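Engineer: Give the three-dimensional model of this entry:
(chains A and B)
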Amino acid sequence: MSGDVVLRAQGVTKVFPGTIALSEVDFNTYAGKVNILVGENGAGKSTLMKIIAGAEQPTRGTLSMDGRPVRFRTPIEAQAHGIGIIYQELDLCPNMSVSDNMFLTREIAPRNVINFKKQKEIASDILGRLEHRIDPDRKVGDLGVSAQQVVAIAKALVQNVKILIMDEPTSALTGNEVAILFRVIRELKSQGVAIIYISHRLEEVLQIGDYITVLRDGKVQAERLVSEVDINWIIETMVGKSLSAFLPRAEHAARKVILDVRSLAYPRPEGGQYVEDFSFHVNAGEIVGLYGLMGAGRSELLECLIGLHAEASGGVVVDEQAFAQGMSVDERIAHGLILVPEDRQAAGIVQSMTVANNMTLASLGNYTRMGVLPRKPGLGEILEMLRNLSIRVSSPEQQITALSGGNQQKVVVAKALLTKPKVLLMDEPTRGIDVNSKSEIFTIMNDLAKSGIGILFASSELKEIMALSDRVLVMARGRLTGEFRRGQYSEADLVNASAKDRAGSANHT
Amino acid sequence: MEKSYGAALRPQMNLKLLLLRFRTVIALLVIIVIFTILSNTFLTLQNILLMTRHVAINAFLAIGMTLVIVSGGIDLSVGSILGLCGMIVGYLIDAGLPLHLFGVVVYFHTWFIMIIAIAAGALIGSANGLIITRLNVAPFIATLGMLYVARGMALLSNNGSTFPFLSGQKGLGNTGFPFLGEGDILGVPVPIWLLVVVALIAAFVASRTPFGRHIYAVGGNERAARLSGVRVNAIRFYVYVISGALAALSGLIVTSQLVAAHPASGETYELNAIAAAVLGGTSLMGGRGTIGGTIIGSFVIGILADGLVMVGVSDFWQMVIKGLVIIVAVAIDQLQVNISRVAAIQEERRG
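Structural biologist: As a prediction, the model looks like this:
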């Protein structure tokens, strides 16, 4: 393969306690080109980018720029070599103005006094180039997500970048804004800037990319010219052998409708919708997968169902019982609905509590006699859960923080099950846990479905969705854009539906 | 994969960890031993009862404070609530409730007056709770504001003056108030009986009811608690109500002991209450703390103060010493948390 390699990673390996995130990765960045990096969640894309941006150190392997070996011990050293990065979670301070954010740590301050006027002029200039005339004095927290994205890009352009890393830059942008971003990218390319572009939106990748590198399980699968490949090739290379091959699953006999959702809507405070006119149902004993890209509104949909958002509207019926608008979380749980949230640390576990207290938290009312708890509430149920879900603890009185991620997740699942749910909502149930625990969680989900519980689980991993689901709902920008029955669709169908902006011709059932 | 679940109570538990876990009790014993050596009147029954009576006043506040802090909040208004509720009692005993419309003044029975005062404390607490949960004001700010409001109202109630002579008058049926603070039952002062009852109820509620568990969950991880169906706002509301009511009870006892209601009573008591809770192992981050620990913490603070007076340490040095004890205690607490975590991880590896 020809072209000017501005940055070369060779044999990069990164070992984290318990996992190998990257294994012998070779990655080339070509000057003046858009270098695409794709892979499923956990494939190692973010780790590789962090190493290039100086936020992580490789365990083994080298980086070289223009043929000379380099080592970045900190992001500042990487910046000094002309490497800019726009993280998916925007690293902006919402309390500060646009121009103050753009010049953070790079203030124009002769004699240590900031020249705000000069900073604002340059900020306006860069934002103008991006065709976004955002007032540099606006507070970043007051801007919408897409405007914040633009500010993050502008921030990276303040310094002279040779390589600009963009991690899912379009996940919060509308079609029009994506077009503007692509114009900016082409302009940067023509100035010789190398772009490293990470995205799940394969259509976009084909549109903007020059080179493509596919990562899977921490290894590089292939490096090609984008002009030589198509979506099917990318998906096959990304996903590998279909998981369903070694995770066989009997299709569950259809039973009665256990969860029925009509026209669910959840407006964004800044206008637009997180979830828009979303209708679907889940049968008892059925596993329904909810697939969608980052920012499609999967988590918001599940949060609406469990009652976290009072502003949400629409009909929810669980086991023939209609929920009142604005019904509280505890009432919904009492009616047989429960959520296993995406972010285990922020929303799943109470870190200061023991395994036992975490597990019984949602079902304490079941153990009281005249309002009083026994000394060890629910001990029998806890021991049963520990056994059934093979949760490895030395004692139920162990602090939950001493457990591995996989075991913590199983405790959260156990907590949900102790409420005796009819419908189990799971948001990215296998995020951040090891492969072994993953397959254990899959088995648990299958067993639960067999016992008659309806499961709705959200995931951005194709393999997982395809292996587990009896039916797949695809979500894009808050809407239902596709519904597929097991065995009647391909990976490409899901990917295509997830890139759709509007429903319409998406009614393949 | 069978395992014995008694394994956690392994007897060879780290001695260091054991010492750290009971550090407050050890500190209390050390203080008692030191003062017993330095003063021969320290360890007499009379002195112990006197000191316990002092401790009780702070302990009531500290129990409420513990529940609030465990829920992830703070209540700076308790000292002012104490003062205001004392003034309410003084007002109702000395001046009665004038009903201008009918041209009469109503004097309530002592029991009823005490109930009114405690209800007033609960009411102010509920105002705190509403401001925090409905208006989303940070607990520190909401209760700081209430600290001033309640203190101001206490001063306004009698134009900054004291209500003296709260023994009541037989003819009005409001005698007997001093018994609450000064009386005793079976040789034990009434405030101590009350403390035992309140502490036992609070400890029971905290550890053996869903409400108690929910307080810990809200303080430990509010989002996880909400998703588990905990009524987060109700929990946060009620802990302030309880704190306010206990502050009022404390105000009753202070007023009764002095047989007078002074509008400045309870100033800075909120800090003693926080100190007692923290000494007893309550984490200001929320989610961690016990009523038992707080009671011991109250004793450390109270006995330290009284003991230093008895051995003749100056007021100024007393403050320095109290401050150092608090800092050292919390530093040791952090150490314990870290060592426990390391021990837990090691155990996990071994297991």
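Engineer: which residues of the stretch 101-250 of chain B fall in strands?
Structural biologist: B:104-106, B:184-185, B:188-189 (DSSP state E, counting those that start in this stretch).
Engineer: Would you give the sheet partners of the last one, along with the direction of each?
Structural biologist: Sheet pairing here is set by DSSP bridges, and for strand B:188-189 it gives strand B:184-185 (antiparallel).
Engineer: May I have the residues that are in contact with A:Gly11?
Structural biologist: A:Glu24, A:Val25, A:Asp26, A:Arg60, A:Gly61, A:Thr62 (CB atoms under 8 Å, 6 or more residues apart in numbering or on different chains). In this view, the C-beta of every residue, glycine as well, is placed from N, C-alpha and C.
Engineer: just curious, which of the residues you listed is nearest to chain B?
Structural biologist: A:Arg60 (25.3 Å; CB to the nearest CB).
Engineer: what are the phi and psi values for that closest one?
Structural biologist: When read as degrees, to the nearest 10, the backbone of A:Arg60 gives phi -140, psi 170.
Engineer: ok, it touching A:Ala9?
Structural biologist: No: look at A:Arg60 against A:Ala9 with CB atoms under 8 Å: they stay out of range, at 11.4 Å.
Engineer: the more surrounded of the two?
Structural biologist: Set A:Arg60 next to A:Ala9 and count neighbours by other CB atoms under 10 Å in any protein chain shown: A:Ala9 wins out with 20 against 12.
Engineer: re the thing from before, looking at the contacts of A:Gly11, which are in strands?
Structural biologist: A:Glu24, A:Val25, A:Asp26, A:Arg60, A:Gly61, A:Thr62 (DSSP state E).
Engineer: Now the buried members of these.
Structural biologist: Neighbour-count burial (16 or more other CB atoms under 10 Å in any protein chain shown) applied to these gives A:Val25, A:Gly61.
Engineer: which phi and psi does A:Ala9 have?
Structural biologist: Backbone torsions of A:Ala9, given as degrees, to the nearest 10, read phi -100, psi 130.
Engineer: Just grab the bridge partners of it for me.
Structural biologist: A:Phe27, A:Leu63.
Engineer: list the contacts for A:Asp138?
Structural biologist: Not Asp; residue A:138 is Arg. Here A:Arg138 is in contact with A:Ser97, A:Val98 (criterion: CB under 8 Å, 6+ apart).
Engineer: so what pLDDT did it get?
Structural biologist: pLDDT, A:Arg138: 92.
Engineer: burial measure for B:Leu82, as a count.
Structural biologist: B:Leu82, neighbours per other CB under 10 Å, totals 33.
Engineer: That one - that's part of a helix, no?
Structural biologist: Yes: with DSSP: H, G, I helix; E, B strand; the rest coil as the criterion, B:Leu82 is assigned to a helix.
Engineer: can you tell me which residues contact it?
Structural biologist: Neighbours of B:Leu82 in contact, by CB under 8 Å, 6+ apart: B:Leu61, B:Ala247, B:Ala248, B:Ser250, B:Gly251, B:Val254, B:Ser265, B:Gly266, B:Tyr269.
Engineer: Over to A:Leu22. Which of the three states is it?
Structural biologist: With three-state DSSP as the criterion, A:Leu22 reads strand.
Engineer: cool, and A:Ser46?
Structural biologist: Recorded secondary structure, A:Ser46: helix (three-state DSSP).
Engineer: Tell me which of the strands of the stretch 101-250 of chain B is the most buried.
Structural biologist: Stretch with highest mean neighbour count among the strands of the stretch 101-250 of chain B: strand B:188-189 (a mean of 16; mean count of other CB atoms under 10 Å in any protein chain shown).
Engineer: mean confidence score for that strand?
Structural biologist: 88.
Engineer: Contacts for it next, please.
Structural biologist: Contacts of strand B:188-189 (CB under 8 Å, 6+ apart): B:Leu49, B:Thr52, B:Arg53, B:Glu182, B:Gly183.
Engineer: Run a quick neighbour tally on residue 258.
Structural biologist: In the absence of a named chain, chain A is used. 25.
Engineer: Wait, chain B was what I had in mind.
Structural biologist: Using other CB under 10 Å: B:Leu258 sits among 18 other residues.
Engineer: Please name the residues that touch it.
Structural biologist: Going by CB under 8 Å, 6+ apart, the list of residues near B:Leu258 reads B:Gly181, B:Ser265.
Engineer: what do you get for A:Met475?
Structural biologist: A:Phe278, A:Leu290, A:Tyr291, A:Gly292, A:Ala296, A:Gly297, A:Arg298, A:Leu301, A:Thr481, A:Ser498.
Engineer: Next: B:Lys322.
Structural biologist: B:Ala275, B:Ile301, B:Leu304, B:Ala305.
Engineer: Would you agree it falls within a helix?
Structural biologist: Yes: assessed with three-state DSSP, B:Lys322 lies in a helix.
Engineer: Chain neighbours aside, what residue packs nearest to A:Ala334?
Structural biologist: Computed as CB to CB, 6 or more residues apart in numbering or on different chains, the closest residue to A:Ala334 that is not its neighbour in sequence is B:Gly229, at 7.7 Å.
Engineer: what bits of chain B have low per-residue confidence?
Structural biologist: B:1-14, B:341, B:343-351 (pLDDT under 70).
Engineer: Intersect the contacts of B:Leu82 with the contacts of chain A.
Structural biologist: Filtering the contacts of B:Leu82 for proximity to chain A by CB under 8 Å from any CB of the partner chain leaves nothing.
Engineer: Just the buried subset of the residues you listed, please.
Structural biologist: B:Leu61, B:Ala247, B:Ala248, B:Ser250, B:Gly251, B:Val254, B:Ser265, B:Gly266, B:Tyr269.
Engineer: According to the record, where do the domains of chain A fall?
Structural biologist: A:5-241, A:242-336+A:421-509, A:349-420 (automatic domain parsing).
Engineer: Please tabulate those in a markdown table, including the columns distance to B:Asn159.
Structural biologist: Listed next are the domains of chain A as a markdown table, based on distance: least, CB to CB, whole Å:
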| stretch | distance to B:Asn159 |
| --- | --- |
| domain A:5-241 | 45 |
| domain A:242-336+A:421-509 | 47 |
| domain A:349-420 | 46 |
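Engineer: quick one, which of those domains is nearest to B:Met87?
Structural biologist: Distance to B:Met87, taken as CB to CB, is lowest for domain A:349-420 among the domains of chain A, at 35.4 Å.
Engineer: how long is the closest one from one end to the other?
Structural biologist: Length of domain A:349-420, first residue to last, CA to CA, to the nearest Å: 19 Å.
Engineer: and that domain, anywhere near chain B?
Structural biologist: Yes: judged by CB under 8 Å from any CB, domain A:349-420 and chain B are in contact via A:349-353, A:357, A:360-362, A:364-365, A:368, A:371-373, A:375, A:383, A:387, A:390, A:392, A:394-399, A:401-404, A:415, A:419.
Engineer: Which of the residues you listed are buried, as a ChimeraX select command?
Structural biologist: Of these, the buried ones can be selected in ChimeraX as follows, counting by 16+ other CB under 10 Å:
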select /A:349,350,351,352,353,357,360,361,362,364,373,392,394,395,396,397,398,399,401,402,403,415,419
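Engineer: quick one on the thing from earlier: is it possible to get JSON lines of the buried ones among the contacts of B:Leu82 that adds distance to A:Asp427?
Structural biologist: Below are those laid out as JSON lines (distance: CB to CB, whole Å):
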{"residue": "B:Leu61", "distance to A:Asp427": "42"}
{"residue": "B:Ala247", "distance to A:Asp427": "42"}
{"residue": "B:Ala248", "distance to A:Asp427": "45"}
{"residue": "B:Ser250", "distance to A:Asp427": "46"}
{"residue": "B:Gly251", "distance to A:Asp427": "49"}
{"residue": "B:Val254", "distance to A:Asp427": "52"}
{"residue": "B:Ser265", "distance to A:Asp427": "53"}
{"residue": "B:Gly266", "distance to A:Asp427": "48"}
{"residue": "B:Tyr269", "distance to A:Asp427": "46"}
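Engineer: Name the nearest residue to residue 151, sequence neighbours excluded.
Structural biologist: Unless you meant another one, I'm taking chain A. A:Val98 (5.4 Å).
Engineer: my bad, chain B
Structural biologist: In space, B:Arg151 is closest to B:Ser80, 4.2 Å off (CB to CB, 6+ apart).
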